[in-house]
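Colleague: got a structure for you, letters missing:
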Ligand code: AMP
């Protein structure tokens, strides 16, 4: 497994792969790899000849009061896990390599970032679109794999690929969970024992609401409000819990048949932000 810091090294490697007719699958990550990330790497390997994993804690997607400085960084362990899975190359640039010292351009997102995580984290998706755009230009992948865990990110990147003509096939991997249902996340490491016990409450609330919808509820507003109270009782402070249209990522009060929805929530457990979602076919 090759580990690259510089863009020119990656370019040389990519040119070599392309010359040999190999397809490239990219898995962008911020490191602190867990089984969720590893499942995406496996999916990439099923869909491309060579898998490149980027490990980069991207500063432009963190707000001023967020956890950029404390975000877990476990490069050695990450490299071992990637090697075990047969990853071909790692790209782990520095901020200087990724962004240089001066920047003249930024990204503006017109729609689909006003609610959910985009609503709560101003600048978050602009930073993601910026960095993934760069990663696509640097690694020139045929396919790129992202998790359903960050479903709004996936939706925005679909739009990026379409509007910027990247010609990259996006694949969405399912959410990998702990046995009690908690979606795996690098940030789960911040939780103390009591918080960790309460954390699966978000998934349980989403499952409960989804079940009621499957049993015929078409206006889940009251149910959602009730689940917000349940979560608050578990010391999970609600950021949002709602039903959103998949295409536009705006809240929807009533399910219409044959449309796709996202039932999604974000809660704070102490300072740790947890997100989760379920897809609902209306
Ligand atoms: P991150 O390192 O948090 O930026 O995540 C890198 C990729 O892993 C993103 O596409 C995430 O959606 C995905 N991911 C994070 N957690 C999970 C999980 N529990 N299951 C599947 N994919 C995940």
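Modeller: Yep, it's here. Note that this is a predicted model, so its numbers are computed, not measured. Residues are numbered from 1 along each chain as shown.
Colleague: rest of the way, CA atoms for contacts and neighbours
Modeller: OK.
Colleague: So for the helix or strand residue 135 falls within, what gets flagged as buried?
Modeller: Using DSSP states H and E, residue 135 falls within helix 124-139. Within helix 124-139, the residues that count as buried by 16 or more other CA atoms under 10 Å are 124-133, 135-136, 138-139.
Colleague: now swap in stretch 29-38 and tell me
Modeller: By neighbour count on 16+ other CA under 10 Å, the buried set for stretch 29-38 is 29, 30, 31, 32, 33, 36, 37, 38.
Colleague: Identify the residue spatially nearest to the fourth one, adjacent ones excluded.
Modeller: In this case it means residue 32. Excluding the flanking residues, the one nearest residue 32 by CA to CA, 6 or more residues apart in numbering is residue 74, at 5.3 Å.
Colleague: Next up, the contacts around that neighbour.
Modeller: Shown in contact with residue 74 (CA atoms under 8 Å, 6 or more residues apart in numbering): 31, 32, 33.
Colleague: which residues touch the spatially most central residue of the chain?
Modeller: Closest to where the C-alpha atoms of the chain average out (CA atoms, centre = their mean) is residue 150, at 3.3 Å. Going by CA under 8 Å, 6+ apart, residue 150 touches residue 276.
Colleague: For it, give me the pLDDT.
Modeller: Residue 150 is assigned 98 on the pLDDT scale.
Colleague: What does it show for phi and psi?
Modeller: phi -110, psi 70 (degrees, to the nearest 10).
Colleague: what about it, distance to the ligand?
Modeller: Residue 150 sits 4 Å away from the ligand, going by CA to the nearest ligand atom, to the nearest Å.
Colleague: Residue 226 too?
Modeller: For residue 226, the distance to the ligand equals 26 Å [CA to the nearest ligand atom].
Colleague: can you check residue 47 too?
Modeller: Applying CA to the nearest ligand atom, the value for residue 47 to the ligand is 16 Å.
Colleague: so that residue makes contact with residue 144?
Modeller: No. Using CA atoms under 8 Å as the test, residue 47 is too far from residue 144 to be in contact (9.3 Å).
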